[in-house]
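1. here is the input, now give the coordinates:
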Amino acid sequence: MSRPIWKGSISFGLVNIPVQLETAVREKSVSFHMLSKDGSCRLRRKLYCPETGEEFEYNDTTRGVEVSKDRYVVVDEKEIEAVKPVKARAIEIEQFVGVEEIDPIYFDRPYFITPTDGSAKAYKLLHEAMKQSGKAGLARFVMRDRQNLALIRVVGDGLVLQTMHFADEVLSLEDSLPATLERAKTKATELKTALQLVEAMTKELDLASYKDEYRHGLETLIDQKKGKRKTVAVSDDHDEEVGPPTINLMEALKRSLAAGGGRVEKGHAHARRPRRKSA
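-> Next up, the predicted model:
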């Protein structure tokens, strides 16, 4: 069980349910520090003016936003405090929606919502009502001086809060797509083979089988060096990225289907292997 990071209540209508938020995800990574060449001293960065070389203490600094090249708007702490959201201890559900109405691109970080202060009955009531209705609650709350948009949804026997990006933070995919996409056409035979490939690659989901191989490799290397054992030799095959060979789209689909063990139409299983070209 993780340590609570926020305590307050969920309110919907006139009902208030004392709850707390607990971290649902603990991201794992290997953090490096800057050291001297022989590793005997951890180095520190300093605040200084690159034009004069003068050094500054943190208390002698202020904050500013760059509005054009080398031009800043200075904002002091009192001005920032004046526009910070009110630190209310309430997660206010403003409406209920279907989870399928919200594109996952809006989702940010998940947190477990757990009942506190004898609120188990009210918590259970909200859980059952949301479960039977198939709805999720769209809410707003303040945490760490920031106003958050969030979705509260049913997961198993409990509730999960997922913070969300605001609509003006999410970019438009259409603006990023090339104009050539509209002119691109797919052939019926290509689509049929692609669907066969999708079917052949569809299997029961097991997310635990997907691991961060790079992080595990780093952790193994660090454990070996920490124990003063001989380190594992690292292959340099990945130093230069090599793109995939350029081949015919239909040939690629058929060969992928055959390699995946799916059914291939007559005449497709022994397709001629194309000449490999540089990408």
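
2. rest of the way, CA atoms for contacts and neighbours
-> OK.

3. got the CA coordinates for the helix or strand containing residue 92 in CSV?
-> Taking DSSP states H and E as the definition, residue 92 sits inside strand 90-97. Extracted C-alpha coordinates of strand 90-97, given in CSV (Å, rounded to 0.1, in the frame of the first residue of the first chain):
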residue,chain,number,x,y,z
ALA,A,90,-12.8,18.6,-2.4
ILE,A,91,-13.0,16.7,-5.6
GLU,A,92,-16.2,18.1,-7.1
ILE,A,93,-17.9,15.8,-9.6
GLU,A,94,-19.6,18.2,-12.1
GLN,A,95,-21.1,15.7,-14.4
PHE,A,96,-21.3,12.0,-15.3
VAL,A,97,-20.2,10.7,-18.7
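
4. name the residues that touch that strand?
-> Residues from elsewhere that reach strand 90-97 (Cα atoms under 8 Å, 6 or more residues apart in numbering): 8-12, 135-142.

5. keep only those of those that are in strands.
-> Per DSSP state E, strands hold the following members of the contacts of strand 90-97: 8-12, 136-142.

6. from residue 131, how far off is residue 165?
-> 24 Å (Cα to Cα, to the nearest Å).

7. apologies, that question was intended for residue 143.
-> Residue 143 sits 26 Å away from residue 131, going by Cα to Cα.

8. equivalent analysis for residue 14, please.
-> For residue 14 relative to residue 131 (Cα to Cα), the value is 20 Å.

9. so which of these two has more stuff around it?
-> Each of residue 14 and residue 131 has its neighbours counted (other Cα atoms under 10 Å); residue 131 has more, 18 against 5.

10. in stretch 61-75, what's buried?
-> Buried residues in stretch 61-75, defined by neighbour count with 16 or more other Cα atoms under 10 Å: none.

11. what mean pLDDT does that stretch get?
-> The average pLDDT within stretch 61-75 is 92.

12. so what touches it?
-> So stretch 61-75 is in contact with residue 76, going by Cα under 8 Å, 6+ apart.

13. all set, thanks.
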